[in-house]
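>>> 3D, please:
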Amino acid sequence: MQLLFLANHGVPVSQLQQLSVNKSSVRRVCVAPMLDWTDRHYRFFLRQISRHAFLYTEMVTTGALIHGDRHRFLDYSDIEHPVALQLGGSDPADLATCARLVEQWGYDEVNLNVGCPSERVQSGAFGACLMEEPQLVADCVKAMRDVVSIPVTVKHRIGINEVEHYEYLRDFVGTVAAAGCEVFIVHARNAILKGLSPKENREIPPLKYDYVHRLKRDFPGLEIILNGGLNDWDEIDAQLDQVDGVMIGRMAYHDPYQFAAVDARYYGDAGPVASRAEVARALMPYIAERMQQGRSEPKHIVRHVLGLYQGRPGARTWRRMLSDSKLLKGAGPELIEAVLAEVERAAI
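Now for the predicted structure:
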């Protein structure tokens, strides 16, 4: 019955016959778009730890790109590839204009946000509230696909408010897949549109991984990426038997050096792994370049690296010194070397 539903909604039969998860997907391990966190400085930093994890920008609204400083929102470092830009919006024409810009800037993917539950985002008629309008989401996807050759993907929830049945999720994905979307990143929680903060929406609605597993079984030819609550590699291994990839958020930010295991474990890359100190020193020329351009102060960059020594001797010294406004004032890239020296002494 479900295969008939999918075929009737335009999903190619070839997709319905492809049953196994895609273990060679470039999105095997993704880093979630996180507002105020996954800016270009963080992405440059994490790329020193993992060469392969798929990176996502913060959400950028269509209005910001169309009317604002495009270089501010679109510029990035070449080392960040593979990297996707996430768009927030609900007007197909505006999204098409922005998707074209994203491709012109050289991003590897454009992703549509259909998962953010904040009331501010809802007031702009986009984010998770779009799950109520699957045909509009399909129209947005088609408008973008018509003007770009890079993948157009969608990040969404399993449902909204009190809607608990799996069929709601299945029908949403079926409708959007018929418009040509082949990659769905699924946060395995409902979005509660009123009464919960964005933080509470990441914690209170229960996780339903089985809904995402079922989605992959029902849409075997689509690429299904699981998001939500993942913070242990053994658990992630188990999930990757059921879906094509995972998307990790808070763990990637608060304990980023855990990603040193990603390249070998999930991408078959046995190349050298940088030490924590080597990762830190790799930031020094980046900081110098940004300062020379007059674009960033060290404090805007090092705020993203406070978790580098998480759980290791010297972690408190690392965090304390890189959070010290007196030390940061007027500092340059040499501050990193000074802090590393103190970390080594504290670890003895």
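
>>> every contact and neighbour count from this point should use C-alpha atoms.
Fine.

>>> now for the longest helix along the chain, which elements pack on it?
Looking across the chain with DSSP state H, the single longest helix is helix 276-292. Applying 3 or more C-alpha pairs under 8 Å, 6 or more residues apart in numbering; DSSP states H and E, one finds that helix 276-292 contacts helix 298-302, helix 334-347.

>>> could you dump those helices to JSON lines with distance to residue 131, mean neighbour count and mean pLDDT?
Listed next are the helices and strands packed on helix 276-292 as JSON lines, based on distance: least, C-alpha to C-alpha, whole Å; neighbours: other C-alpha atoms under 10 Å; pLDDT from 0 to 100:
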{"stretch": "helix 298-302", "distance to residue 131": "35", "mean neighbour count": "19", "mean pLDDT": "94"}
{"stretch": "helix 334-347", "distance to residue 131": "45", "mean neighbour count": "15", "mean pLDDT": "94"}
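
>>> mind checking which of the ones you listed is nearest residue 200?
helix 298-302 (26.8 Å; C-alpha to C-alpha).

>>> what helices and strands are in contact with the closest one?
helix 40-47, helix 276-292.

>>> and the last one, average pLDDT?
When pLDDT is averaged over helix 276-292, the result is 96.

>>> the first one too?
Averaging the model's pLDDT scores along helix 40-47 yields 98.

>>> what's the answer for stretch 134-151, then?
On average, stretch 134-151 scores 98.

>>> could you export it as CSV, CA atoms only?
Coordinates of each C-alpha in stretch 134-151 appear next as CSV, following Å, rounded to 0.1, in the frame of the first residue of the first chain:
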residue,chain,number,x,y,z
PRO,A,134,3.7,20.1,2.2
GLN,A,135,2.6,21.2,-1.2
LEU,A,136,4.1,24.7,-0.6
VAL,A,137,7.4,23.0,0.5
ALA,A,138,7.3,20.9,-2.7
ASP,A,139,6.8,24.1,-4.7
CYS,A,140,9.8,25.7,-3.0
VAL,A,141,11.9,22.7,-3.7
LYS,A,142,10.9,22.6,-7.3
ALA,A,143,11.6,26.3,-7.7
MET,A,144,15.1,25.8,-6.4
ARG,A,145,15.8,22.7,-8.3
ASP,A,146,14.8,24.4,-11.5
VAL,A,147,17.6,26.9,-11.3
VAL,A,148,20.5,25.0,-9.7
SER,A,149,22.4,21.8,-10.3
ILE,A,150,23.6,21.3,-6.7
PRO,A,151,21.4,19.1,-4.4
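
>>> and the contacts of that stretch?
Contact with stretch 134-151 is made by 90-93, 95-97, 99-100, 103, 108-110, 130-131, 152-153, 172, 175-181, as judged by C-alpha atoms under 8 Å, 6 or more residues apart in numbering.

>>> buried ones in it?
Buried residues in stretch 134-151, counted by 16 or more other C-alpha atoms under 10 Å: 134-145, 148, 150-151.

>>> and what of stretch 168-175?
Buried, per 16+ other C-alpha under 10 Å, within stretch 168-175: 168, 169, 170, 171, 172, 173, 174, 175.

>>> list the ones among the residues you listed that fall in strands.
Of those, none are assigned to strands by DSSP state E.

>>> take these and write them to a markdown table, including distance to residue 302.
Shown next, in a markdown table, are those (distance: C-alpha to C-alpha, whole Å):
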| residue | distance to residue 302 |
| --- | --- |
| 168 | 43 |
| 169 | 40 |
| 170 | 42 |
| 171 | 44 |
| 172 | 40 |
| 173 | 39 |
| 174 | 43 |
| 175 | 43 |
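
>>> mean confidence for stretch 262-272?
For stretch 262-272, mean pLDDT rounds to 96.

>>> now the strand or helix carrying residue 96: buried residues?
Applying DSSP states H and E as the criterion places residue 96 in helix 92-104. Neighbour-count burial for helix 92-104, counted by 16+ other C-alpha under 10 Å, picks out 92, 94, 95, 96, 97, 98, 99, 100, 101, 102, 103.

>>> name the next helix or strand downstream of it, please.
Downstream of helix 92-104, the next assigned helix or strand under DSSP H and E is strand 109-114.

>>> tell me what that following strand is packed against?
strand 83-88, helix 92-104, strand 152-160.

>>> what's in contact with the shortest one?
Applying C-alpha under 8 Å, 6+ apart, the contact partners of strand 83-88 are 33, 54-62, 95, 98, 102, 107-114, 126-127.
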